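Student: Got a sequence here, can you model it:
(chains A and B)
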Amino acid sequence: MDSTALLRLRGIVKKFGSFTALNGIDLEIREGEFFTIVGPSGSGKSTLIRLLVGMDDLTEGTIWLRGERIDQTPANLRPTCMVFQSLALFPHMNVGQNIEFPLKLRKVAPQRRRERVNELLDLLRLPRSYYDKRIAQCSGGERQRVALARALAFDPEILFFDEPLSALDYRLRKTLEKELKDLHARTGKTFVYITHSLEEAMVMSDRIAIMREGRFEQIAVADEIYNRPVSRFVAEFMGEVNLFEIRADAGGTLSGKALEIAPDARLDALAPGTEALLMVRPEYLRFDGPGERFEFALSGTLHGEYALGSRIQYEIETETGMVTVEKLREDRVRLKEGQPVRVGFDAADTHVIAEPA
Amino acid sequence: MPTSRSTRIVLYVYGILVIAFLYLPLVSVSFASVSKARYLSFPIRRYSTKWYGEALKSSTVSELVSTSLTIAVLVTVISVVIAFFGALAFARYDWRHRTLFQKFILLPIFFPQTVLGLALLMWFNSLGIIPSWKTAVVAHLVWIAPIATLIVAIRAYSFDPALEEAARDMGAGTLSILREITLPLLAPGLVSAGLFAFLLSWGNFPLSLFTTGADSTLPEWLYAKMVSGYSPLVPTLGVMSVVGSFLLIFTALALAWLVRANREARAAQQ
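Tutor: A predicted model of the protein is given here:
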């Protein structure tokens, strides 16, 4: 057990009638960490965060904060704070009153409250004159910052985020993701963030937990999740991926449907006599050309070519299904639809997922 | 979509007809109120404000107004309190028999008021309560409190439950949430519910008729004087009552406008 854990969850179960939303969650979150929980809708991530802030009661399990058990503590007595998906800014108060709300509850003197609001407006890069601005007059990005400032005014041990960026347009979201990461670095607070977008999680997080049907599928740093997913679910959740069935016989010889495998190709992660999934990200696939040599190769016909901004994506129809290849725009290969193509990769470009197909 | 000329003309004509149908009778009553004649007759031969002077001096009138006003004020205050909690149960909280509650609370609005009045009168009698203006307050409440609840519930539906959760999350207890979040957010609904309650009680005839006993409200008196022993004060009091109602509504509108203007002025200062 990690002794430096700030927040520790043990055996968390949450049932709604006969439906089990959370099914045995164990987790440790370290002080100062940016921890993101990612999962599709219905995976239980919102349920989990509501339990952590005290909005709902858990069915089983325990929650400790700094070694103190808090799972029976009501929400208003927990030293945690959440930024809601809807932001939950009070429409009848102006920006300043919203931000100082937690301070007012603690009966901080008006003078001191005003100073703290100004500090927070500076920190969030909002003009101090915004104190008197009405929430209805703020833009989407400004509201986001006001909600953050209010949560920081509370000065929580852990700041929770329930998909606060999901309602914003792409460009604003990208800007705010970076700002949030920057804010995390500047405040040194512990952030726990939930989202359904792995891309968002990758930009900001120290560690990521992938959630599926009320359980954690994998908890690791972003690189590890991207390069070494533990399951097909995680690999596919992480964006475009090619998965091939692969088998090693008792002598270690490899075989796979539609794959041409060089005799000297070796996969150390695959034990003799077992089956697994071989994962290759689209950017690791290469087109055949003069002098090219592959440890693993596939043949098929070009189904389509798509421009994705800085990258070009090719879809190739093969005997084992559609295979995706991605190239940088400058490395674009001129191909005609329906043209026969051969692509390949090496063992070093792959990751073996020990999950039979 | 731009409206064509002919559509606009039809809309204007329609609008004018509606206003005429609604307000012409009121206008004729106000003419009657300034007639010098002792009996209702058209055309009016001589005009005079004499009956207004009489009305203001009359002790019957001040008694009627004070009974009606007492009932209306009490009904307003009590219905707003009931509506506040009722609306939270109606719209904000999820509980087992909520849909049943919603149906039952709305039912009295659709009862024929005469039947409701009669039923309540029989009920008061069987309980041994002597009908007076106090029983009329109860009768008005049976009909008006559900309407007020509905008005506040519409407001309660429109606010995000996350607001109360956010306040709790930041350390607010139940009372602080009520004072800082729920009440201010429901305030516009409470004001309109209060206004409705007052006006509906002030103008109510069928419920008062059955339940006031020996006391009499303004609408009851107007009716009684029309049926027998006509008084020239009837149109006068009718007009005064309507003007009073309008004044109340306009005051409320003016207040709402002032609040908004003040808010915009403060925002513009930045």
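
Student: okay, how far is it across stretch A:327-342, tip to tip?
Tutor: By C-alpha to C-alpha, to the nearest Å, the extent of stretch A:327-342 from end to end equals 15 Å.

Student: Where does chain B get nearest to chain A, residue-wise?
Tutor: Nearest residue of chain B to chain A: residue B:166, at 3.6 Å (C-beta to the nearest C-beta). From N, CA and C alone the C-beta is placed, and that goes for glycine too.

Student: who's in contact with residue 198?
Tutor: As the question left the chain open, I've gone with chain A. A:38, A:208, A:210, A:225, A:237, A:238, A:239 (C-beta atoms under 8 Å, 6 or more residues apart in numbering or on different chains).

Student: um, chain B though
Tutor: With C-beta under 8 Å, 6+ apart, residue B:198 has these contacts: B:72, B:73, B:75, B:76, B:248.

Student: Near the first one, how many other residues are there?
Tutor: Counted with other C-beta atoms under 10 Å in any protein chain shown, residues neighbouring residue B:72 total 23.

Student: How about the third one?
Tutor: The tally of other residues near residue B:75 (other C-beta under 10 Å) stands at 27.

Student: For residue 221, which non-adjacent residue is closest in space?
Tutor: By default, I'm working from chain A. Sequence neighbours aside, residue A:207 is the residue nearest to residue A:221 in space, at 5.7 Å (criterion: C-beta to C-beta, 6 or more residues apart in numbering or on different chains).

Student: wrong one, chain B
Tutor: Nearest residue to residue B:221, sequence neighbours excluded (C-beta to C-beta, 6+ apart): residue B:64, at 5.2 Å.

Student: Can you check the pLDDT for that neighbour?
Tutor: Predicted confidence (pLDDT) for residue B:64: 90.

Student: Just give me the closest of the contacts of residue A:198 to chain B.
Tutor: Nearest to chain B, judged by C-beta to the nearest C-beta, of those is residue A:38 at 21.8 Å.

Student: With adjacent residues omitted, what lies nearest to the closest one?
Tutor: Spatial nearest neighbour of residue A:38, chain neighbours left out: residue A:201 (4.8 Å); criterion: C-beta to C-beta, 6+ apart.

Student: Now do the buried residues in whichever strand or helix holds that neighbour.
Tutor: If you go by DSSP states H and E, residue A:201 is part of helix A:198-204. The neighbour-count check on helix A:198-204 (16 or more other C-beta atoms under 10 Å in any protein chain shown) flags A:198, A:200, A:201, A:202, A:203, A:204 as buried.

Student: quick one: which of those is nearest to chain B?
Tutor: The closest of the buried residues of helix A:198-204, once distances to chain B are taken by C-beta to the nearest C-beta, is residue A:200, at 20.8 Å.

Student: what's near enough to touch that closest one?
Tutor: With contact taken as C-beta under 8 Å, 6+ apart, residue A:200 is in contact with A:36, A:165, A:173, A:177.

Student: Narrow the residues you listed to those in helices?
Tutor: Using DSSP state H, the subset of these located in helices is A:173, A:177.

Student: Most neighbours among the contacts of residue A:200, which one?
Tutor: Within the contacts of residue A:200, neighbour counts (other C-beta under 10 Å) peak at residue A:36, which reaches 26 neighbours.

Student: per-residue pLDDT, that residue?
Tutor: pLDDT at residue A:36 comes out at 95.

Student: What count of nearby residues applies to the residue in the stretch 151-300 of chain A positioned nearest to chain B?
Tutor: The stretch 151-300 of chain A approaches chain B most closely through residue A:154 (5.2 Å), counting by C-beta to the nearest C-beta. Neighbour count of residue A:154, defined by other C-beta under 10 Å: 20.

Student: same thing with residue A:292?
Tutor: Neighbour count for residue A:292, taken as other C-beta under 10 Å: 12.

Student: residues contacting it?
Tutor: Here residue A:292 is in contact with A:286, A:344 (criterion: C-beta under 8 Å, 6+ apart).

Student: do the same with residue A:20
Tutor: The neighbours of residue A:20, taking C-beta under 8 Å, 6+ apart as the test, are A:13, A:14, A:214.

Student: List phi and psi for residue A:14.
Tutor: phi -130, psi 120 (degrees, to the nearest 10).

Student: typed the wrong thing, it's residue B:5
Tutor: Dihedral angles (degrees, to the nearest 10) for residue B:5: phi -60, psi -40.

Student: quick one on the thing from earlier: give me the pLDDT value at the residue of the stretch 151-300 of chain A closest to chain B.
Tutor: Note for residue A:154: predicted pLDDT of 94.

Student: Same check on the one 10 residues further on?
Tutor: Per-residue confidence (pLDDT) for residue A:164: 88.

Student: Count the neighbours of it for me.
Tutor: For residue A:164, the count of nearby residues is 25 (other C-beta under 10 Å).

Student: wait, isn't it in contact with residue A:146?
Tutor: No - the pair residue A:164 / residue A:146 is not scored as a contact, 11.5 Å apart, by C-beta atoms under 8 Å.
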